[in-house]
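**Q** The sequence isn't on hand, but the structure is:
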């Protein structure tokens, strides 16, 4: 089965979401944990596996960043913007409808 989110796309998602490594990582995990904050509040948390195997799947990420798998892939490939992601969070009630895009 083809993976939707490869490690390469996962790293692009980290960059686009301005995700930061978890300040309190759990020792011994096979992945690096990232957190995404919006207006000072953590709204997403996900891990990227260590290692060089680029074809390893990261198909857990779409759900954790509150997107459908295809949306997450398009987001990573630059089709969707950061603003698109913020709008999806608003639609899902995860951030206030009247919040600004200031992160």
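**A** Sure thing, it's come through. This is a predicted model, so every value here is computed, not measured.

**Q** Please count neighbours and contacts with C-alpha atoms only from this point.
**A** Noted.

**Q** Could I get the full set of strands for this protein?
**A** Assigned by DSSP state E, the chain shows strands spanning 20-21, 31-38, 41-49.

**Q** Tell me the spacing between the residue nearest to the spatial centre of the chain and residue 49.
**A** Central residue of the chain (Cα atoms, centre = their mean): residue 65, 4.5 Å from the mean position. From residue 65 across to residue 49, the span is 16 Å (Cα to Cα, to the nearest Å).

**Q** need the contact list for the residue nearest to residue 45 when sequence neighbours are not counted.
**A** Sequence neighbours aside, residue 35 is the residue nearest to residue 45 in space, at 4.4 Å (criterion: Cα to Cα, 6 or more residues apart in numbering). Applying Cα atoms under 8 Å, 6 or more residues apart in numbering, we find residue 35 in contact with 19, 20, 21, 22, 42, 43, 44, 45, 46.

**Q** do the same with residue 18
**A** residue 36.

**Q** For residue 48, see how far away residue 84 is.
**A** Counting by Cα to Cα, the gap from residue 84 to residue 48 is 22 Å.

**Q** Compare these two and say which is more crowded by neighbours.
**A** Using other Cα atoms under 10 Å, the more surrounded residue of residue 84 and residue 48 is residue 48, with 21 against 13.

**Q** give me the beta-bridge partners of the more buried one?
**A** residue 32 (DSSP bridges).

**Q** just checking, it touches residue 29?
**A** No: the criterion here is Cα atoms under 8 Å, and residue 48 misses it with residue 29 at 10.3 Å.

**Q** Count residues in the vicinity of residue 33, would you?
**A** Residue 33: 19 neighbours (other Cα under 10 Å).

**Q** That one touches residue 24, doesn't it?
**A** No: under the criterion of Cα under 8 Å, residue 33 makes no contact with residue 24, lying 9.1 Å away.

**Q** Having no further points to raise, I will conclude here.
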